[in-house]
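*Asks:* dropping a prediction and its sequence here:
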Amino acid sequence: MRWALVKVSLAVTAMVVIAFAVPLALVVKEMANDRAFSNAERRAAGLAPVLAITTDRGELDRAVATTEDGAAGRMAVHVPAGEGPEAEAVEIGTRRATEEDLRTTRELGRATIAEVAGGSVLLQPTALSTGQVAVVELFVPEGEATNGVTTAWLVLAGVGIGLIVGSVAVADRLGVRMVQPAQRLAGAAHDLGEGKLGARVPEEGPPELKSAAIAFNSMADQVVQLLANERELAADLSHRLRTPLTVLRLNAASLGSGPAADQTRAAVEQLEREVDTIIRTAREAKPQTQATGPGAGCDASEVVRERMDFWSALAEDEGRKVRVAGVDRPVRIPVARPELVAALDALLGNVFRHTPEGTAFSVDVHNGDDAVIVLVSDAGPGIADPAAALVRGNSGRRDGSTGLGLDIVRQMAEATGGDVAIGHSVLGGTEVRIWIGLDGRRSGTSAGRRAGRGRRKRPAAQRAR
């Protein structure tokens, strides 16, 4: 495109220069020629008064000699012979014109120009008192007729070349301004096609290319978002399989011994490893938990009761004491039911996975003016590094742990303006506090701290989830 613009500009400017410069050069040449012969005609007319008075050779010689052209040998006077046998024609100076040219001038009665060697001659007729016509011949060298033409042509050529060079330079700059954004856009599209999702282009250049750059960057952002959502969906859906897998694993453990029981336990372990592999593969993307709109959400009390009914059967099998509080009346929260179910299952699944059988646990719901707090507590050995446990994927490479459970809980809470914290429970183990904001602000923090006021941290055996 750049060279195409340069070629077009070169062709157009060259045609314009030729269209104007060539006629102008011819006009300049014609004007120089007219100026030279106009001056020659004026100088030749200077002898007309002398010829009107006398045709004496001596007088005419003196008159011609006094002129600049006569002194330079460029003027001649041709007087025809008078009447009478003794009359003779008078010629003063060096004649260059032919007899035919002189006769033609006398017949026409006006000035004529004849071509001679080295230039041209101006033949100016002058009427004499005798009725005859004398002719004043003035030689005009070729250089005088073209005086200044070469300089004018050089100036015109310089101006034309300057216009062409200038137009090519401007076209080249415009081409660069247009081509560079297009090249950057093409390069970014190539990089994006090769999987470099961070490829972006500066939003600059002509309006059309700027719009294209904005559209490309928006498209790239959407591609990154779609891929992140896809990976997160795979990770979260896989993580939600943890709950039935935990039940299967615990039930398989109670099957006793025998080939069928061993095969069942092996199949469950293999399935669990495959799920963990899927989660680890997809967990690089950032989860996109979206807060629900006004009026949407679920009843936290109803969801807690339903999930505790599910886990209570397993807790009874393992001899765990279970306590549920704060679910005797509806508690509306701006969280979709599936999100809250996934969060509770992740926390309760951790209790069963990482605490010994017989360990008690509880779920409490505190309803405040601007936040709802859900506490999941256990009497287990505790968590060694609570801050690290909340980091996405920071769970080591142990079988049955992907590091997404607490992250799912945190993302759900942060979508409402809340947060998640890990501390020591009154049961002696771990307490996970979920602050769910009711108005989109992080106001649940103060409420949560008020709910937990008076509790002191106590040393405990540490565990990792």
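*Replies:* Cool, got the structure.
*Asks:* tell me the helices in the stretch 1-150 of the chain, going along the chain?
*Replies:* Along the stretch 1-150 of the chain, counting by DSSP state H, counting those that start in this stretch, helices occupy 2-44, 48-53, 57-65, 68-71, 99-108, 142-145, 149-193.
*Asks:* now those as TSV including distance to residue 312?
*Replies:* From N, CA and C alone the C-beta is placed, and that goes for glycine too. Below are the helices of the stretch 1-150 of the chain laid out as TSV (distance: least, Cβ to Cβ, whole Å):
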stretch	distance to residue 312
helix 2-44	75
helix 48-53	140
helix 57-65	142
helix 68-71	133
helix 99-108	135
helix 142-145	122
helix 149-193	51
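*Asks:* in CSV, list those along with distance to residue 229, mean pLDDT and mean neighbour count.
*Replies:* Below are the helices of the stretch 1-150 of the chain laid out as CSV (distance: least, Cβ to Cβ, whole Å; pLDDT from 0 to 100; neighbours: other Cβ atoms under 10 Å):
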stretch, distance to residue 229, mean pLDDT, mean neighbour count
helix 2-44, 41, 85, 15
helix 48-53, 106, 84, 15
helix 57-65, 109, 86, 16
helix 68-71, 100, 85, 16
helix 99-108, 101, 88, 15
helix 142-145, 87, 84, 15
helix 149-193, 18, 84, 15
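*Asks:* right, and these - which one's nearest residue 330?
*Replies:* In terms of Cβ to Cβ, the element of the helices of the stretch 1-150 of the chain nearest to residue 330 is helix 149-193, at 48.8 Å.
*Asks:* ok, then the element right after the closest one?
*Replies:* helix 207-240 (DSSP states H and E).
*Asks:* got the angle for that following helix vs helix 149-193?
*Replies:* 10 degrees (axes from the mean of the first three to the mean of the last three Cα atoms, to 10 degrees).
*Asks:* circling back: which stretch among the helices of the stretch 1-150 of the chain comes nearest residue 202?
*Replies:* Residue 202 lies closest to helix 149-193 among the helices of the stretch 1-150 of the chain, at 6.9 Å (Cβ to Cβ).
*Asks:* the closest one to helix 2-44, inter-axis angle?
*Replies:* Interaxial angle of helix 149-193 relative to helix 2-44 (the same axes, to 10 degrees): 170 degrees.
*Asks:* show me what helix 149-193 is packed against.
*Replies:* Applying 3 or more Cβ pairs under 8 Å, 6 or more residues apart in numbering; DSSP states H and E, one finds that helix 149-193 makes contact with helix 2-44, helix 207-240.
*Asks:* quick one: mean pLDDT for the next helix or strand after the last one?
*Replies:* Sequence-wise, the next helix or strand downstream of helix 207-240 (DSSP H and E) is helix 242-253. Per-residue pLDDT over helix 242-253 has a mean of 72.
*Asks:* so what does helix 242-253 touch, helix or strand wise?
*Replies:* helix 259-282, helix 300-318, helix 337-354.
*Asks:* any idea which of the helices of the stretch 1-150 of the chain gets closest to residue 301?
*Replies:* helix 149-193 (47.9 Å).
*Asks:* nearest to residue 128, out of the helices and strands packed on helix 149-193?
*Replies:* Using Cβ to Cβ, the nearest of these to residue 128 is helix 2-44, at 15.3 Å.
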